[in-house]
Structures are given as C-alpha cells and as structure tokens.
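Novice: Structure, please.
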Amino acid sequence: MRLESVIFRIMEIRKTTINDLQRVMEIFSIARDFMKKSGNPSQWNDNYPAVELICSDIQEGISYVVLHNDRIVGSFVFIVGADPTYTEIDGKWLNDEPYGTIHRIASDGSTKGIADECLKFCKTITRNIRIDTHENNSVMLNWIIRAGFEKCGIIHVTDGTPRYAFQLHSDNFKSVFEFK
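Specialist: Model (predicted):
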C-alpha cells in the first residue's frame, strides 16, 4: 500500500478578542448541550459561563481560542498564578511551586484534539499545571487521566460545589501525543 498524501491537523491558539465573543458563546452553548447528553447535566447551567465572565476573561488576557483552518473551534482559560479556588483542598497538591490553571475548555465538536492542543500550549508557559472538573464529567476526567494528571483531592468552586482536583508537574509529564 502506497501513501498518497498526508493531512496534518494544524491548529493555532491565540488570545481571545472581543470580536470573538459571539463565536465563543456559541461554542459554550454547544459544550453545555454535549455535557448534558454525556451524563453531566449540572456542571454548567444554562447561563454558565455568563457573557460578563467571558468579557472579564478577555479583558484580563486569560482567555484563548483554538483555530482550525482559520475557524474558531475551541476556547479555554489559562491563569498563571495562584487560583483562589485552589487555596483549600481536601487532599494535597503535588507541590507548592508556581503553577498555571486550565479552566473552561470547550469545543464545537468539529475537531478532535482541542484539549491536547490546549495542554501543549500551556506546557510552553509552565510545566506545573492544575485543573479540576465535576465528578460527572466523564469525558474530561478520561482526558485528564490520559494526559497524565494526578488526582490530588477535592476543591470547592465559588458556589460551594465540589470538584476533583488534579495536577501535572514536569516530573510526571506523559506525552498526550504518543500513538496508542
């Protein structure tokens, strides 16, 4: 069998601009519907994330979009520095070194590998990364474990609900790009 051609998936990540707001809100709507259909109806209610929160993320420079073929297909937040929700944990973080936190990963479902690209990007900024998710978010839980994060315990988000908390440090990095 002869290989005739190879198609490479090229994705770009850049900071979100206010001009991206409508598309980002569409992506969050698609993600909420997907979460409900995949057994996670309560992590994000119909108004989360609110447009005001996304605008604040954009202003703070912590919101990013993922583009494939010049079309926005995903969104996420990456905060470098202490995350107030991670101050208290029922468990123990791997270390107390400076870290970055990934929040609100969402995609329109048209392109696979959004979370992998997000992590790859974040690892260029820091090699100490934290993330959390709802116990019913099996899709995200599976990705977090596959990506090599270690479960550290349970944190509580601002509304008081619990989330499983994970950390990935340079000492325990596992490539999410390996062929399986």
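
Novice: center of the chain, which residue is that?
Specialist: I105 (3.3 Å; C-alpha atoms, centre = their mean).

Novice: residues touching G91, list them.
Specialist: Contacts for G91 (C-beta atoms under 8 Å, 6 or more residues apart in numbering) come out as 151-154, 165. For glycine as for every other residue, the C-beta is placed from the backbone atoms N, C-alpha and C.

Novice: Please state the mean pLDDT value computed over the longest helix along the chain.
Specialist: Using DSSP state H, we find that the single longest helix of the chain is helix 21-37. Averaged across helix 21-37, pLDDT comes to 94.

Novice: so what's the residue nearest to the centre of the chain closest to, chain neighbours aside?
Specialist: F76 (4.5 Å; C-beta to C-beta, 6 or more residues apart in numbering).

Novice: May I have the phi/psi pair for that neighbour?
Specialist: In this entry, F76 is assigned phi and psi values of phi -160, psi 170 (degrees, to the nearest 10).

Novice: Against G39, how distant is it?
Specialist: To G39, F76 is 22 Å away according to C-beta to C-beta, to the nearest Å.

Novice: Between those two, point out the one with more neighbours.
Specialist: For F76 versus G39, the count of surrounding residues by other C-beta atoms under 10 Å is larger for F76: 25 against 10.

Novice: Let me see the contact set for that one.
Specialist: 63-64, 66, 102-106, 118.

Novice: Serialize those residues to CSV and add fields for secondary structure and distance to M140.
Specialist: Listed next are the contacts of F76 as CSV, based on DSSP: H, G, I helix; E, B strand; the rest coil; distance: C-beta to C-beta, whole Å:
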residue, secondary structure, distance to M140
S63, strand, 18
Y64, strand, 17
V66, strand, 16
I102, strand, 10
H103, strand, 11
R104, strand, 11
I105, strand, 7
A106, strand, 10
C118, helix, 12
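
Novice: other SSEs contacting the longest helix of the chain?
Specialist: In terms of contact count using 3 or more C-beta pairs under 8 Å, 6 or more residues apart in numbering; DSSP states H and E, helix 21-37 is assigned the packing partners helix 51-60, strand 63-68, strand 71-80, strand 100-107.
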